[in-house]
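Engineer: With the sequence up front, the predicted model follows.
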Amino acid sequence: DAGVIQSPRHEVTEMGQEVTLRCKPISGHDYLFWYRQTMMRGLELLIYFNNNVPIDDSGMPEDRFSAKMPNASFSTLKIQPSEPRDSAVYFCASSFWDREIHEQFFGPGTRLTVL
Amino acid sequence: AQSVTQLDSQVPVFEEAPVELRCNYSSSVSVYLFWYVQYPNQGLQLLLKYLSGSTLVKGINGFEAEFNKSQTSFHLRKPSVHISDTAEYFCAVSVYGNKLVFGAGTILRVKS
């Protein structure tokens, strides 16, 4: 299995532009998570989906952020308009439910720089 | 709400020395505990997890952790570290089995 795939790996954009981050979870996984990692705030959960349905988006910082999961193999995180304070590494993770706690498998991340 | 405190932001240690990375959590209910490792420019990967049963949990790369309910701790240990263990280590807690709350991370720097 290729693991969780994220694209792009690096994104540099200017303030005010729209940014779309993409994630392909591991096949068969029914949970998908979006995290943001910064030096100041550490690793924060933004939103997570179960069976393509958003379950908890309480971590989404503001209305400029939106996430979708149109099918089991694809999710996007969009920032519109982007701001310099959005600069961070964004991780996508996926997992599947079994009788016990499952492991989250992380992608390599997208490093976003907003100028 | 659950929270995780990693008591050390950085831990320098010489190669082949033992190391302990400390983690304390707060929760009013039973929890599940995890340690993840992040190598430079990579995502996180699971080192070990405590769900129930034996309080001493063994993970990959020779790491182990001990769950102490009375002290609400889940410290990570390795008896002899290698240069390749240099990475950032995250302690995490889960209550409902899917949502993780992470600590701030501890950077382990192994020196030769």
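Structural biologist: Perfect, thanks for sending it. Numbers count the residues shown, from 1 in each chain, chains lettered A, B, ... in the order given.
Engineer: where does chain A come near chain B, residue by residue?
Structural biologist: Proximity of chain A to chain B, by CB under 8 Å from any CB of the partner chain, involves residues A:4, A:31, A:42-43, A:45, A:48, A:50, A:56, A:91, A:93, A:95, A:97, A:100-109. C-beta here means a position set from N, CA and C on the backbone, and glycine is covered the same way.
Engineer: same thing but at 10 Å, please
Structural biologist: For chain A, the residues found near chain B under the criterion CB under 10 Å from any CB of the partner chain are A:3-4, A:6, A:9, A:30-31, A:33, A:35, A:37, A:39, A:41-45, A:48, A:50, A:55-56, A:58-59, A:89, A:91-93, A:95, A:97-109, A:111.
Engineer: Restricted to buried residues, select those in ChimeraX.
Structural biologist: Those of these that count as buried under 16 or more other CB atoms under 10 Å in any protein chain shown are selected in ChimeraX with:
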select /A:4,6,30,31,33,35,37,42,43,44,45,48,56,59,89,91,92,93,95,101,102,104,105,106,107,108,109,111
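Engineer: and B:G97, what pLDDT?
Structural biologist: On pLDDT, B:G97 comes in at 58.
Engineer: Identify the bridge partners of the residue in chain A positioned nearest to chain B.
Structural biologist: When distances are taken as CB to the nearest CB, chain A reaches nearest to chain B at A:F106, 3.3 Å away. When bridges are taken as DSSP bridges, the partners of A:F106 come out as A:A93.
Engineer: For A:D86, what are phi and psi?
Structural biologist: As for A:D86, its main-chain torsions (degrees, to the nearest 10) stand at phi -80, psi -10.
Engineer: Hmm, A:L115 and it touching each other?
Structural biologist: No. No contact is recorded between A:D86 and A:L115 when judged using CB atoms under 10 Å, the distance being 11.1 Å.
Engineer: what do these two both touch?
Structural biologist: Taking CB atoms under 10 Å, 6 or more residues apart in numbering or on different chains as the criterion, A:D86 and A:L115 both touch A:13, A:15.
Engineer: With neighbour numbers in mind, choose between these two.
Structural biologist: Applying other CB atoms under 10 Å in any protein chain shown to A:D86 and A:L115 shows that A:D86 carries more neighbours, namely 21 against 10.
Engineer: Contact partners for the more buried one?
Structural biologist: When the contact criterion is CB under 10 Å, 6+ apart, the partners of A:D86 are A:13, A:15, A:19, A:36, A:38, A:61-62, A:64-65, A:79, A:112-114.
Engineer: how about 8 Å then?
Structural biologist: Listed by CB atoms under 8 Å, 6 or more residues apart in numbering or on different chains, the contact set of A:D86 reads A:19, A:64, A:79, A:112, A:114.
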